[in-house]
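*Asks:* Quick check, what structure comes out for this input:
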Amino acid sequence: AREVYQLVSDEVHAIVKEQYGLLNDEVLPQLAAEGIRFLKRADWNAEQRDWIRDFFFREVMPVITPIGLDPSHPFPRVLNKSLNFAVELEGRDAFGRSSGVAIVQAPRVLPRVIRLPRELGESEYSFVFLSSILHEFVHELFAGMKVLGCYQFRVTRNSDLFVDEEEVKNLRAKIQGELPQRHFGDAVRLEVANSCSEAMTQFLLGQFNLTETDLYRVAGPVNLVRLMQVPDWVLRQDLKFQPFTPGLPKALHKSQSVFDGIRSGDILLHHPYQSFNPVIELLEQSAVDPQVVAIKMTVYRTGTDSVLMQSLLRAAQNGKEVTVVVELMARFDEEANIGWATKLEEVGAHVVYGVFGYKVH
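*Replies:* Residues are numbered from 1 along each chain as shown. Next up is the predicted model:
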């Protein structure tokens, strides 16, 4: 297992290095050429800096709480994949305490990318990273002390749920009990900015009981997924893939209801090339059709806002026999599935909790 883990680690390190290379050497320069710029601190002009400073005091500072590490303030419990900053300090704070290190946790409610007003940007779209703002103004959090360094980091934790379904009498209750601890499992990876000092890197590795193999030095934000929101802000259709509109089978083009289409012959839906709407419409029509007496379904992944589940709830409320097999161990959807299962039971549906050994997607 150690040999396999080392092979995986080597491969992932290479992939992450390539990922940030593509970001810095290709994606960001090409975006800048199209008037979409991500401004580094050195690029801020006086007006931009004033606006960003005001943003920091108005939006950021009120919701963050720096934690100076000392015997009475141990290293905090860092949430899985949350953005954090390790700050090296010198001097004494307002209470006369000397702390060489502080941790600043960035709340999830804060955006990781902030768009500057159009009139402040030298291009049509100008963005700054939250990490850049915190780096620039972190000294405001430590009055009377000197900031020697500020480094972003992120820890990935083991998110497996340790549940033996054969030994548990109430699987739902057991999973519900395990879910709150998911964000605090054992650390398995540490990501730090490539500017992070060696002393701070070793300090963080020690806090999370990790080794150099588990360390990833990155040249940019530690969570690139947060960049996914940027295309929604940039109104440049010429830079985006054309939206794909899935089609409908011919049998459903003329039918007023899905049942009418089925009566005329079998219908094969080929996803994602064909629309999933017929499945939703089938359930919506079944929920109100007086000739439908029972609905039986297996549910794997639902999400927190599911039209499908709403239709099943409506069917049960309309007096139909609704039986749903719910997969409780759908990874990272356990909480949503338990929530829907509870709502189904409340309206009289019969819920069977399953742990599936094999699945076909």
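*Asks:* which residues in the stretch 151-300 of the chain form strands?
*Replies:* For the stretch 151-300 of the chain, the strands defined by DSSP state E, counting those that start in this stretch cover 187-193, 215-218, 294-299.
*Asks:* any low-confidence regions in the chain?
*Replies:* Across the chain, the ranges flagged by pLDDT under 70 are 71, 93-98, 159-184, 329-333, 354-361.
*Asks:* Where do the domain boundaries of it fall?
*Replies:* By the assignment in the TED database, the chain contains the domains 1-239, 250-353.
*Asks:* In CSV, list those domains along with mean neighbour count.
*Replies:* All C-beta spots, glycine's among them, are computed from the backbone N, C-alpha and C. CSV is the format used below for the domains of the chain (neighbours: other CB atoms under 10 Å):
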stretch, mean neighbour count
domain 1-239, 15
domain 250-353, 15
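*Asks:* Leaving out chain neighbours, which residue sits closest to residue 351?
*Replies:* Closest residue in space to residue 351, ignoring its immediate chain neighbours: residue 341 at 4.8 Å, by CB to CB, 6 or more residues apart in numbering.
*Asks:* separation between that neighbour and residue 328?
*Replies:* 8 Å (CB to CB, to the nearest Å).
*Asks:* what's the spacing between the residue sitting nearest the centre point of the chain and residue 231?
*Replies:* The residue lying closest to the centre of the chain (CA atoms, centre = their mean) is residue 225, at 7.4 Å. Residue 225 sits 13 Å away from residue 231, going by CB to CB.
*Asks:* cool, and residue 189?
*Replies:* To residue 231, residue 189 is 27 Å away according to CB to CB.
*Asks:* what's the answer for residue 281, then?
*Replies:* 30 Å.
*Asks:* Tell me the secondary structure at the nearest residue to residue 116 once chain neighbours are set aside.
*Replies:* Leaving out its chain neighbours, the residue that sits closest to residue 116 by CB to CB, 6+ apart is residue 126, at 4.3 Å. Counting by DSSP: H, G, I helix; E, B strand; the rest coil, the backbone at residue 126 sits in strand.
*Asks:* what pairs with residue 126 across the strands?
*Replies:* Counting by DSSP bridges, residue 126 forms beta bridges with residue 37.
*Asks:* contacting residues for it?
*Replies:* Applying CB atoms under 8 Å, 6 or more residues apart in numbering, one finds that residue 126 lies in contact with 37, 39, 48, 115-116, 120.
*Asks:* distance between the ends of stretch 312-325?
*Replies:* Criterion CA to CA, to the nearest Å; first-to-last residue distance in stretch 312-325 is 12 Å.
*Asks:* Please state the offset of it from the chain centre?
*Replies:* Offset of stretch 312-325 from its chain centre (CA atoms, centre = their mean, to the nearest Å): 32 Å.
*Asks:* likewise stretch 257-266?
*Replies:* Using CA atoms, centre = their mean, the offset of stretch 257-266 from its chain centre is 40 Å.
*Asks:* who's in contact with it?
*Replies:* Applying CB under 8 Å, 6+ apart, the contact partners of stretch 257-266 are 249, 251-252, 255, 267, 278, 281-282, 285, 289.
*Asks:* Helices along the stretch 201-350 of the chain, start to end?
*Replies:* 230-233, 250-253, 258-263, 277-288, 307-317, 334-346 (DSSP state H, counting those that start in this stretch).
*Asks:* Against which helices or strands is the fourth one packed?
*Replies:* Using 3 or more CB pairs under 8 Å, 6 or more residues apart in numbering; DSSP states H and E, the elements in contact with helix 277-288 are helix 258-263, strand 294-299, helix 307-317.
*Asks:* in its sheet, what does the second one sit against?
*Replies:* Sheet pairing here is set by DSSP bridges, and for strand 294-299 it gives strand 321-327 (parallel).
*Asks:* where does the strand it pairs with sit relative to the chain's centre, distance-wise?
*Replies:* Averaging C-alpha positions (CA atoms, centre = their mean) puts strand 321-327 28 Å from its chain's average.
*Asks:* Now do that strand and helix 307-317, the angle between them.
*Replies:* With axes from the mean of the first three to the mean of the last three CA atoms, to 10 degrees applied, the angle from strand 321-327 to helix 307-317 works out at 140 degrees.
*Asks:* Residue 149 and residue 219: what is the separation?
*Replies:* Applying CB to CB to residue 149 and residue 219 gives a distance of 17 Å.
*Asks:* quick one: residue 45 and residue 231, what's the gap?
*Replies:* 26 Å.
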